[in-house]
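Participant: This is the structure alone, sequence omitted:
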């Protein structure tokens, strides 16, 4: 089945810093989403981005489907950005989440 | 407000008992999904349903059962056959099959064995 990798596994930032999270996948996909899971376990949609670039406030994402990767950019990070960031891909009958990047933003 | 409601938020089970987790959505979504998350891990798909009265096994369906009698509801039963049921369970829905529309999640149910 399709493999999804995320890097880095853990990231510690000072408030105000920028960061880039990466998601690699092993085969072509029909859909890709980025999620943020907050410390209480709530999973929030960030982007639905099978290809191209999208921006929402301080966050933006780019998916290069032909090269099988997606990037999530966080600018001017805040403590509320802390949590785990997952990418998830769909291809045919497979629904696969990556292992996540755990982000800690320090005040 | 439209959304996905999971209940209860916390659930405790004795050995050998079946328990049912509730998932209700008022988003008029056709597709619904159940995931399991273990501590420090990503999500794994248990079951999904693309339409009423139809559902398909995901990667880790053993020890679980579901039903989809109504569009709004997709309950998950954790049976006594599931040997390690302690986990965080998340329900999701999408307007149609996942390939075309984004998934939206409920707040989850934490299941623990007494």
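Facilitator: Structure's in. What do you need? Computed from a prediction, not measured in an experiment: that's the story for all the values here.
Participant: hey, let's count contacts and neighbours off CA atoms from now on
Facilitator: Noted.
Participant: OK, contacts around the closest residue to chain A within chain B?
Facilitator: Relative to chain A, the nearest point of chain B is residue B:42 (4.6 Å; CA to the nearest CA). Residues in contact with residue B:42, defined by CA atoms under 8 Å, 6 or more residues apart in numbering or on different chains, are A:86, A:97, A:98, A:99, A:100.
Participant: Could you look up the SS state of the closest residue to the last one other than its chain neighbours?
Facilitator: Distance criterion CA to CA, 6 or more residues apart in numbering or on different chains; nearest residue to residue A:100, sequence neighbours excluded, is residue A:86 at 4.5 Å. Under the three-state scheme (DSSP: H, G, I helix; E, B strand; the rest coil), the conformation of residue A:86 reads as strand.
Participant: and residue A:86, bridged to which residues?
Facilitator: Listed by DSSP bridges, the beta-bridge partners for residue A:86 are residue A:35.
Participant: So it sits against residue A:72, correct?
Facilitator: No: assessed by CA atoms under 8 Å, residue A:86 is found out of contact with residue A:72, at 10.1 Å.
Participant: okay, and the common contacts of these two?
Facilitator: Taking CA under 8 Å, 6+ apart as the criterion, residue A:86 and residue A:72 both touch residue A:34.
Participant: the more surrounded of those two?
Facilitator: residue A:86 (27 against 23; other CA atoms under 10 Å in any protein chain shown).
Participant: Contact partners for that one?
Facilitator: A:6, A:34, A:35, A:36, A:37, A:97, A:98, A:99, A:100, A:101, B:42.
Participant: Select from the residues you listed the one having the most neighbours.
Facilitator: Busiest of those [other CA under 10 Å] is residue A:100, holding 30 neighbours.
Participant: For that residue, give me its contacts.
Facilitator: Contacts of residue A:100 were listed using CA under 8 Å, 6+ apart, and they are A:6, A:7, A:9, A:84, A:85, A:86, A:87, B:41, B:42.
Participant: Go again with 7 Å.
Facilitator: A:6, A:9, A:84, A:85, A:86, B:42 (CA atoms under 7 Å, 6 or more residues apart in numbering or on different chains).
Participant: wait, doesn't the third one sit right on residue A:36?
Facilitator: Think residue A:84. Yes: applying CA atoms under 7 Å, one finds residue A:84 in contact with residue A:36, separated by 5.8 Å.
Participant: just checking, residue B:89 is part of a strand?
Facilitator: Yes: secondary structure assignment places residue B:89 in a strand (three-state DSSP).
Participant: Spatially nearest residue to it (excluding sequence neighbours)?
Facilitator: Counting by CA to CA, 6+ apart, the nearest residue to residue B:89 once its immediate chain neighbours are dropped is residue B:36, at 4.7 Å.
Participant: how about low-confidence regions in chain B?
Facilitator: Chain B contains residues with pLDDT under 70 at B:1, B:97-100.
Participant: Show me what the residue positioned nearest the centre of it is bridged to.
Facilitator: With distances taken as CA atoms, centre = their mean, the residue of chain B nearest its centroid is residue B:34 (2.9 Å). The bridge-partner assignment for residue B:34, based on DSSP bridges, gives residue B:47, residue B:91.
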